[in-house]
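Novice: Test case, fold it:
(chains A, B and C)
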Amino acid sequence: MRYTLPKTALLRKSAQYNAVYRQGKRIRGRHFSLIILANDQGFNRLGISVHGVKTAVRRNRFKRVVREFFRLNREFLPQGVDIVFAIRKDCILDSSQAVRDAVSVLLTQQGKGEK
RNA sequence: AAAAGUGGGCGCAUGAUCGCUGGCAUUCUUUGAGAUGUCAGAGGAAAGUCCGAACUCCGUAGGGGACAGUGGUUCAUAACGUGAACAGGGCGUGAGUCCGUGGAAAGUGCCACAGAAAAGAAACCGCCCGUUACUUUAGAGUGAUGGGUAAGGGUGAAAAGGUGGGGUAAAAGCCCACCGCCUUGCUGGUGACAGUAAAGGGCACGGUAAACCCCACUGGGAGCAAGACCAAAUAGGAAGGCGUUUGAGGGCGACCCGUCCAAGGCCUUCGGGUAGGUUGCUUGAGGUGAUACGCAAGUAUCAUCCUAGAGAAAUGAUCAUGGCCUGCAUUGCAGGUACAGGAUUCGGCUUAUAACCCACUUUUAUUG
RNA sequence: GCCCCUAUAGCUCAGUGGAUAGAGCAGUAGGUUCCUAACCUAUGUGCGCAAGUUCGAUUCUUGCUAGGGGCA
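Specialist: Below is the predicted model:
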């Protein structure tokens, strides 16, 4: 069951997204930003927002890559949080490994900032 | 063989592992946005939203006008601004291809600059005939003025039939021949239209309607975020009940008494309805094949098939094998494999699109 | 998904089918000043793209492209 990704692990409603946007903590990166908010579900939930990408094929491509990353790297992320990927229009990431590297950079930067 | 034209096809394939969505079946200590199994799961343009319809709601006596759209003819179609065939015109040696292709003798407007004149034609130069003044032997010349003239000049995108002959003071369809044009007839065609050594007209009618406009035809409005059903919370509404200084309810107060506020109160029900959920939702003017009719677009009959249904929105990732293309270069290595992703559903149009394949046709060259 | 609007100079905007397309700000060069600003003079730069109608198109028609807005 480790690598499944059911719909309960996705943010589905506008209200859920708005809660994360209002109260979450933002980490700005080069190709995308992370917005993180602790939840009371006991597991992570994922939301994806792609802005400024013209064609539906490229938009869906980003969403699939990010979902694939999220599915394969559960322990890599903080636990028990809602996390939204806000992808910018100049994003060039094309594989879950590239996303993993970028997220790793962001999280270590954030850790240093807190210390 | 080369260069073209037209029409059509294909739009990488197979397997393994992990994962996603839906249908069906089974299952339950957790009845869940559950689990297991099985089947299915993006396009030729799904795109742009440029047209047309289905479907849904709202509106609606009938007629006219306004407004908008369309615009050769005949068919096709549920319908269309789409398609087919044909007609007319432009382009091309050709196969072919392109065309918003009704009306300018209903009216109004516009036609810059140039030019005498740009529209009920017109006299600037020129040509011709008079009158008159001056010069002159005369013929004639110069100036002024009255007329005739559209042959010639030059301008322009465009200047009111063309060529030749006759004719005249000079000219002119003024007259004649041929060509062109218009009207009427005849013939062919369903028709647009075409033909005509038929008759008549001397020729009138510049262009522009993707300027206003006229004519013919078509059009009620909104759109699945349509619409239908269920329905938290909050505010307000309606009805009924309680209560009316015999005090419901609330404040002060630990509580009682007391005191203060008090119909703008409390309770129940109903209706509408937000978040949210369910539905609309995929069997349809459907696909494929055969036969018949039709030049064709297409239509009819029979057989056969069922082929996505999400909702912050599923079809992805990794690996392997093999196609195809390119490069290196020799039988391996490297790189590439387009445009692009359903959102109520259909019919079209338009736009994007790597590489490859097929059929027919044309022109040129060579050979037979 | 549906429905609208816009595109003119580096920026903000004008512009009856007809001239070398205009105004303000900005830019460049020169003048003025001891120097700078202000001021004066001169000067460059454009009609989103492609077809069509017309003698002629920024303007009219069609198709694209880009941007913006509305419908809960």
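Novice: got the residues of chain A near RNA strand B?
Specialist: Counting by CB under 7 Å from any atom of the strand, the positions of chain A adjacent to RNA strand B are A:1, A:3-8, A:10-15, A:17-18, A:47-49, A:55-57, A:60, A:63-65, A:68, A:71, A:95-96. C-beta coordinates here come from the backbone N, C-alpha and C atoms, glycine included.
Novice: Show me just the buried residues among the residues you listed.
Specialist: Buried members of the residues of chain A next to RNA strand B, counted by 16 or more other CB atoms under 10 Å: A:11, A:17, A:47-49, A:63, A:65, A:68, A:96.
Novice: Which pair of the residues you listed spans the longest distance?
Specialist: Spanning the widest gap among those are A:Tyr17 and A:Ser96, at 22.6 Å by CB to CB.
Novice: Now intersect the buried ones among the residues of chain A next to RNA strand B with the helices, please.
Specialist: A:17, A:63, A:65, A:68, A:96 (DSSP state H).
Novice: Take those and lay them out in JSON lines including distance to A:Gln79 and pLDDT.
Specialist: Shown next, in JSON lines, are these (distance: CB to CB, whole Å; pLDDT from 0 to 100):
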{"residue": "A:Tyr17", "distance to A:Gln79": "21", "pLDDT": "81"}
{"residue": "A:Lys63", "distance to A:Gln79": "23", "pLDDT": "87"}
{"residue": "A:Val65", "distance to A:Gln79": "22", "pLDDT": "87"}
{"residue": "A:Glu68", "distance to A:Gln79": "20", "pLDDT": "86"}
{"residue": "A:Ser96", "distance to A:Gln79": "19", "pLDDT": "75"}
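Novice: between those, which is closest to A:Gly29?
Specialist: Of all these, A:Val65 has the smallest distance to A:Gly29: 14.8 Å, by CB to CB.
Novice: and stretch A:6-15, how far apart are its ends?
Specialist: When the termini of stretch A:6-15 are compared using CA to CA, to the nearest Å, they are 20 Å apart.
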